[in-house]
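1. how would this look folded up:
(2 chains)
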There are 2 protein chains.
Amino acid sequence: MTKTTGLVEPALPSTMQAVVLRHGQLRVESVPIPQPTHGEVLVKVRATGICGSDLHCRSHTAELLAATKMATGTELFDIDSPIVMGHEFCSEVVSYGPGCRSTLPPGTRVASPGVLLRDPIRLIGFAGLDTPGSYAEYMILSEDLMFPVPDDMPDEIAAVAEPMTVALHAVNRGDLGPDDVPLVIGCGPVGLAVIAVLKMRGLGPIVAADFSPTRRKLAEALGADVTIDPRRASPYDAWREVARTDDPGQLAPQTAMVPGKFRSQAIFECVGVPGIIEQVLAGAAGCAKVVVAGVCMQPDTFQPTVASVKEITLIYTMAFSPQEYAEVLEHLGSGALEVGALITSTVALDGVPGAFDRLSDPEGDAKIVMLPQAR
Amino acid sequence: MTKTTGLVEPALPSTMQAVVLRHGQLRVESVPIPQPTHGEVLVKVRATGICGSDLHCRSHTAELLAATKMATGTELFDIDSPIVMGHEFCSEVVSYGPGCRSTLPPGTRVASPGVLLRDPIRLIGFAGLDTPGSYAEYMILSEDLMFPVPDDMPDEIAAVAEPMTVALHAVNRGDLGPDDVPLVIGCGPVGLAVIAVLKMRGLGPIVAADFSPTRRKLAEALGADVTIDPRRASPYDAWREVARTDDPGQLAPQTAMVPGKFRSQAIFECVGVPGIIEQVLAGAAGCAKVVVAGVCMQPDTFQPTVASVKEITLIYTMAFSPQEYAEVLEHLGSGALEVGALITSTVALDGVPGAFDRLSDPEGDAKIVMLPQAR
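-> Numbering: from 1, shown residues only, chains lettered A, B, ... in the order given. Here you go, the predicted structure:
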């Protein structure tokens, strides 16, 4: 294991720089360094990815809180209190709180799913300033969810283990077999990560659609076999081109009302805006599985009879298990999962607010990684 | 095989009585007896069930046509032309059209899924007067989809093989294991049929919810273990009561944000009105499977983040395979599937329009079967 800083506890200042979200505004501020409680570890942030859900959280804080409260019964955080976002990260051990096994020495690089095992659990990056996310110099992790980062893995690759695991879980939720032909709708960071996982699993041919030429190029770099600009051609027709079969062994079940000779369709909806499900249902083949990886923050409307007549399955996906996270770290370490192309820029801590603005342009970046050391 | 009428072809008149739907109005009229084409069989209707989708089709013809056109690209039928509905039936062979194997002698009782194997296929009961549905004295079937009815099975039980197969297929789509605990929302004919199939499969305990005391009583007769009036108690709380477990072998996966110690949840949504999915999502346990057997004819709206955070799977279901239909006929014949309680009344052909009106009251009937011989 790499020990890079050899930082000792007494040298630690009491405050740190962090990107604070207050009422929809991001600003670099000086905030207290958090204190690990029982079973928790203070770590220093080495790299952190900027996630689309953080963009959502900045622009639609109230909707996010309302939606998660509807689902879980509890408030993620207080809308009037400042938070530090960031839940995709690579860090290094600084010091252990009480009740830890303390097996990894200070300086060991570690990564973790964005969950603190308190009761109730806290989502890292969506909680109060006492448990800040990774848009900061320091943060705290649960020792039980902490994984050492393989020696030769760059910090920024370890930081994208989180979104890659979201994608791995999405593909697992889709439960694709060798006869499934995937169609990825939307090649933002989630869609691109899904493509990389599909490629690693040997599933395909992979058809992918996005309006942006930059993103279509990235999709190809990450493993898409066919990319489509929906302004010029129907992604669903393109899918039918490659999925047509006369082999009875490959033929997917179809409904009487929507006949066709195709392999099974597994659509990955990676857009997450109102209206996209209606479009997907209209284009989908009979008996399609639709893995809904896009997180739509607004209420959405569609005509359910289309789903009924086509016998569609909508598989909503969002999180993942610690086992899946460990699996991704392993694949990233072994090179089985190649995602370097996903990272299009790096910024320093004070570049985070600007990076949020840049990410709204699909022609610009896919994944921007913040490196606090770059200051 | 029972040969009951011994009817010979030359004795056949050229017209028959049928319940015709014209612009939302049902009326008994005299219409031509249909002519079987290649591979088709003229049969005499012995019993036919009145289906909720026929009620929908009468009241919301334009919506039904628009929704099926959106899904299939073609019009089911011309809105300005009269049709004869009816797709749940028991009949008997009268005569064969050209190109038939003609293995079942005239008089043999036969049942069939509601599909004519023309190109494109026609849905029996949702097509022009030349291929009428079973609210008539005669109809035509595809020989390849025709199954003999077991000797000792009453006509009206054979007639409900169709809705029972819709339910069997819904349960198959749900892919329930022994650790799944089903929750049936809505105990109309679809919900009741689902309960009977779940019972036959030994899946349970079965929790079922309906506002109507009559329907809750029917649910119990068909196999529900716990029935709930949603006005008095939450069906989802009732489910949690019976599904709680500390057995790690039975414990279903849960998401970090929606923890709980429950067996897996399989909800059967058998209501099919706007707003019901939103309610189901709010009540559902983490990682629930929701089999959507209710067919909602209007656009529907829900908050997708609730589905995302809970990692819900929505499994839309509507049709079934001929194999599933044959399986149900077998189960009904062997007594493995007991559904007598489902049939609450019988009427003659001229009683069909009145039966449609009666079925809008949940305190009245579940399944009404029309017996043309009763005239």
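2. residues near the closest residue to residue A:145 other than its chain neighbours, how many?
-> Excluding its sequence neighbours, the residue lying closest to residue A:145 (CB to CB, 6 or more residues apart in numbering or on different chains) is residue A:112, at 4.8 Å. Just so you know, the C-beta spots here come from the backbone N, C-alpha and C atoms, and that holds for glycine as well. Number of residues near residue A:112 (other CB atoms under 10 Å in any protein chain shown) recorded here: 26.
3. which ones are touching residue A:112?
-> Counting by CB atoms under 8 Å, 6 or more residues apart in numbering or on different chains, residue A:112 touches A:89, A:91, A:124, A:141, A:142, A:145, A:146, A:147, A:325.
4. Save those as CSV, and put in pLDDT, secondary structure and neighbour count too.
-> Rendered in CSV, the data for these read as follows (pLDDT from 0 to 100; DSSP: H, G, I helix; E, B strand; the rest coil; neighbours: other CB atoms under 10 Å in any protein chain shown):
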residue, pLDDT, secondary structure, neighbour count
A:89, 98, strand, 31
A:91, 98, strand, 29
A:124, 97, coil, 27
A:141, 98, strand, 28
A:142, 98, strand, 23
A:145, 97, helix, 21
A:146, 97, coil, 21
A:147, 97, strand, 20
A:325, 97, helix, 24
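5. Which of the residues you listed sits closest to residue B:349?
-> If you rank the contacts of residue A:112 by distance to residue B:349 using CB to CB, residue A:325 comes first, at 64.4 Å.
6. correct me, but that closest one touches residue A:163?
-> No: assessed by CB atoms under 8 Å, residue A:325 is found out of contact with residue A:163, at 11.1 Å.
7. picking that back up, quick check: the gap between the residue nearest to residue A:145 and chain B.
-> Separation of residue A:112 from chain B (CB to the nearest CB, to the nearest Å): 13 Å.
8. cool, and residue A:70?
-> Applying CB to the nearest CB to residue A:70 and chain B gives a distance of 5 Å.
9. Residue B:283 is in contact with that residue, correct?
-> No: contact criterion CB under 8 Å: residue A:70 and residue B:283 do not qualify, at 11.0 Å.
10. Of these two, give the one with the bigger neighbour count.
-> Taking other CB under 10 Å, residue A:70 and residue B:283 do not tie; residue B:283 has more neighbours (20 against 16).
11. can you pull the contacts of that one?
-> Contacts of residue B:283 (CB under 8 Å, 6+ apart): B:234, B:235, B:236.
12. Stretch A:110-127: how far from the chain's middle?
-> 15 Å (CA atoms, centre = their mean, to the nearest Å).
13. Name the helix or strand for residue A:167, please.
-> Using DSSP states H and E, residue A:167 sits in helix A:161-174.
14. The helix or strand just after that helix: partners in the sheet, and parallel or antiparallel?
-> Going down the chain from helix A:161-174, the next helix or strand is strand A:180-185, by DSSP H and E. In the sheet, strand A:180-185 lines up against strand A:207-209 (parallel), strand A:264-269 (parallel) (DSSP bridges).
15. residue boundaries of the helices in chain A?
-> A:52-59, A:61-72, A:155-159, A:161-174, A:189-201, A:213-222, A:235-243, A:276-283, A:304-310, A:322-334, A:352-358 (DSSP state H).
16. So which bits of the second one are buried?
-> If I follow you right, that is helix A:61-72. Using 16 or more other CB atoms under 10 Å in any protein chain shown as the test for burial, helix A:61-72 gives A:61, A:63, A:64, A:65, A:66, A:67, A:68, A:70, A:71, A:72.
17. by contact count, what packs against that helix?
-> Helix A:61-72 is packed against helix B:304-310, with contacts defined by 3 or more CB pairs under 8 Å, 6 or more residues apart in numbering or on different chains; DSSP states H and E.
18. The helix it packs on - what's its average pLDDT?
-> Mean pLDDT, computed over helix B:304-310, is 93.
19. For chain B, state which of the contacts of residue A:112 is nearest.
-> Chain B lies nearest to residue A:145 out of the contacts of residue A:112, by CB to the nearest CB, at 9.9 Å.
20. Apart from its chain neighbours, what residue comes closest to residue A:63?
-> residue A:297 (4.7 Å).
21. no no, residue A:314
-> Nearest non-adjacent residue to residue A:314, counting by CB to CB, 6+ apart: residue B:314, 4.2 Å away.
22. again, but for residue A:302
-> residue A:278 (4.1 Å).
23. now swap in residue A:32 and tell me
-> Per CB to CB, 6+ apart, closest to residue A:32 is residue A:15, 5.8 Å.
24. Tell me who's in contact with residue A:223.
-> Contacts of residue A:223 (CB under 8 Å, 6+ apart): A:195, A:196, A:198, A:199, A:200, A:204, A:206.
25. repeat for residue A:200
-> A:223, A:331, A:336, A:337.
26. how about a cut-off of 6 Å?
-> By CB atoms under 6 Å, 6 or more residues apart in numbering or on different chains, residue A:200 lies in contact with A:336, A:337.
27. Which residues of the stretch 51-200 of chain A lie near chain B?
-> A:67, A:68, A:70, A:71, A:72, A:115, A:121 (CB under 6 Å from any CB of the partner chain).
28. Could you work out the most separated pair of the residues you listed?
-> Applying CB to CB across these, the maximum distance is between A:70 and A:115, 20.1 Å.
29. Which pLDDT value goes with the nearest residue to residue A:56 once chain neighbours are set aside?
-> Excluding its sequence neighbours, the residue lying closest to residue A:56 (CB to CB, 6+ apart) is residue A:297, at 5.5 Å. In this model, residue A:297 is scored at 86, pLDDT.
30. List the residues that contact residue A:297.
-> Counting by CB under 6 Å, 6+ apart, residue A:297 has contacts A:56, A:60, A:63.
31. circling back: who touches the helix holding residue A:167?
-> Under CB under 6 Å, 6+ apart, the answer for helix A:161-174 is A:88, A:111, A:189, A:193-194, A:197, A:266, A:289, A:291, A:293, A:315, A:317, A:320, A:324-325, A:328-329, A:332.
32. what inclination does that helix have with respect to helix A:52-59?
-> Angle, helix A:161-174 to helix A:52-59, by axes from the mean of the first three to the mean of the last three CA atoms, to 10 degrees: 110 degrees.
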